[in-house]
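Novice: Quick one, what's the 3D model for this:
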Amino acid sequence: MAQNTSSAVMQQRTEARDSLDDFPTPPWATRALCEWLQDRWGESINTMVVREPGANRGYMVAPLHEYFRNVEAFDVHDYGAGFPVQDFLFGPLDTVDATIMNPPFRLAPQFITKALDTSRHLVAVLVRTAFLEGVGRYETLFSEQPPTAVLQFTQRVVMHKGTVSEKGSTATAYCWLVWEADAADPETIPEFHWIGPVRRQLERPGDYELRGDLA
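Specialist: You can find the predicted model right below:
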């Protein structure tokens, strides 16, 4: 039987089990979340300390600095951007106001659970939209702690392995999952929001250059 190579099938991004899942987030995608949070929370987000536990090369850290009072950033691997090396899943962590991240896909449930345990007000996680599927994730995560909001991108968020780029295409859809304060009620019905075609207005000069000044 011939292999099905349609984009719907080939969008499945597979990584080895020991992979770092090195797919940095384009800065405009983080700003899209922050703009939504600013509309919803107002100026209060400007007073928050936010944690980014997968700092990578700083492409998410940079836009977070534009909106939050302070950003605590580190990564399990040294990507050469100067961030501390620390494993988010192991070892004690102080509580912060918010955690915002693009976690490794296969470890995302563990990252979300840890973030919910160590964040006072807010957790936001960038995931493939397909992450919402799956009996296992429903039973161990969503049925117990559903997000308060799902923010679905209308434009594709193009992620390249090992770098960010202005060019490229993808068949993979992404969304932000947001948990807000006191969101542990399993009866919560998540709100659904579209993130409109905002890429052009949210891109900034220097977005696609390696950042090494934010550690």
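Novice: Mind listing what's buried along the biggest helix by length in the chain?
Specialist: In the chain, with assignment by DSSP state H, the single longest helix is helix 27-41. Neighbour-count burial for helix 27-41, counted by 16 or more other CB atoms under 10 Å, picks out Pro27, Trp28, Ala29, Thr30, Arg31, Ala32, Leu33, Cys34, Trp36, Leu37. Bear in mind the C-beta positions are built from the backbone N, C-alpha and C, glycine included.
Novice: Those into CSV, with extra columns for pLDDT and distance to Gly82?
Specialist: What follows is the buried residues of helix 27-41, written out as CSV (pLDDT from 0 to 100; distance: CB to CB, whole Å):
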residue, pLDDT, distance to Gly82
Pro27, 97, 18
Trp28, 98, 23
Ala29, 98, 23
Thr30, 98, 19
Arg31, 98, 22
Ala32, 98, 26
Leu33, 98, 24
Cys34, 98, 23
Trp36, 98, 29
Leu37, 97, 26
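Novice: just the CA coordinates of the longest helix of the chain, formatted as CSV?
Specialist: Extracted in CSV, the C-alpha atoms of helix 27-41 (Å, rounded to 0.1, in the frame of the first residue of the first chain):
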residue,chain,number,x,y,z
PRO,A,27,7.9,36.3,18.9
TRP,A,28,4.7,37.5,17.2
ALA,A,29,2.9,34.4,18.5
THR,A,30,3.8,35.3,22.1
ARG,A,31,2.7,38.9,21.6
ALA,A,32,-0.6,37.6,20.4
LEU,A,33,-1.2,35.9,23.8
CYS,A,34,0.1,38.9,25.7
GLU,A,35,-2.2,41.3,23.8
TRP,A,36,-5.2,39.0,24.7
LEU,A,37,-4.1,38.9,28.3
GLN,A,38,-3.7,42.7,28.4
ASP,A,39,-7.2,43.2,27.1
ARG,A,40,-8.5,40.7,29.7
TRP,A,41,-6.4,41.6,32.7
